[in-house]
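In: Sequence unavailable; structure follows:
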């Protein structure tokens with residue numbers, strides 16, 4: 001799917017999802033924040049797209065869908081659904097190549113640093129400990145996929161994977177799966 005279709009796919013996913021925990025429950029606030037982050041990045045993505053910035057549009061859509069999917073996997077949002085960036089064919093014009101190169105490499109560095117800047121928050125006997133390890137593995141897997149695409153010079157695919165994986169880590173921090181042990185500036189807390 002092209003970049004505009006990817007944004008439309010994101011819009012459809014947002015229309016189909018809702019907060020899955022009851023209002024007043026302890027996790028309702030976390031659910032609302034995850035949904036708010038996803039919606040904000042969908043809006044940002046379309047603003048970038050309309051403004052002729054496909055690089056930031058791609059990053060925003062992938063990051064926002066990562067938040068949406070992480071919230072769904074946590075059970076904060078429902079129904080359970082995943083929208084990984086595997087079918088995105090973002091054609092970035094050559095005139096935007098320098099921006100794409102800079103952003104892709106910066107997101108690689110940031111996600112690498114973020115992975116090293118968190119520790120599992122819940123106790124090892126808690127079911128949430130396993131959830132934290134799943135989220136860390138997801139972020140690390142998307143990081144590794146991004147590196148593979150970077151090595152074959154497919155920068156849009158790499159950027160989408162770094163952005164999507166970063167969202168899983170960021171959402172995990174916001175939901176309490178991780179404790180920040182390093183640079184807090186790498187996370188939206």
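Out: Perfect, I can see it now. On a predicted model such as this, the values are computed, not experimentally measured, just so you know.
In: Give me the residues contacting stretch 122-140.
Out: 70, 73-74, 111, 114-115, 118, 120-121, 165-166, 168-169, 171-172, 176-178 (C-beta atoms under 8 Å, 6 or more residues apart in numbering). Using the backbone N, CA and C atoms, a C-beta is placed for each residue, glycine as well.
In: how about residue 179, phi and psi?
Out: Here is the backbone geometry of residue 179 (degrees, to the nearest 10): phi -100, psi 140.
In: The one 5 residues further on now?
Out: Summarising the backbone geometry of residue 184 under the convention degrees, to the nearest 10, its torsions are phi -70, psi -20.
In: Quick check: it vs residue 114, distance?
Out: The spacing between residue 184 and residue 114, counted by C-beta to C-beta, to the nearest Å, is 11 Å.
In: who's more crowded, those two?
Out: Between residue 184 and residue 114, residue 114 has the larger neighbour count (other C-beta atoms under 10 Å), namely 23 against 10.
In: Tell me the pLDDT of that one.
Out: Predicted confidence (pLDDT) for residue 114: 98.
In: pretty sure it is in contact with residue 187, am I right?
Out: Yes: judged on C-beta atoms under 8 Å, residue 114 makes contact with residue 187 at a distance of 6.8 Å.
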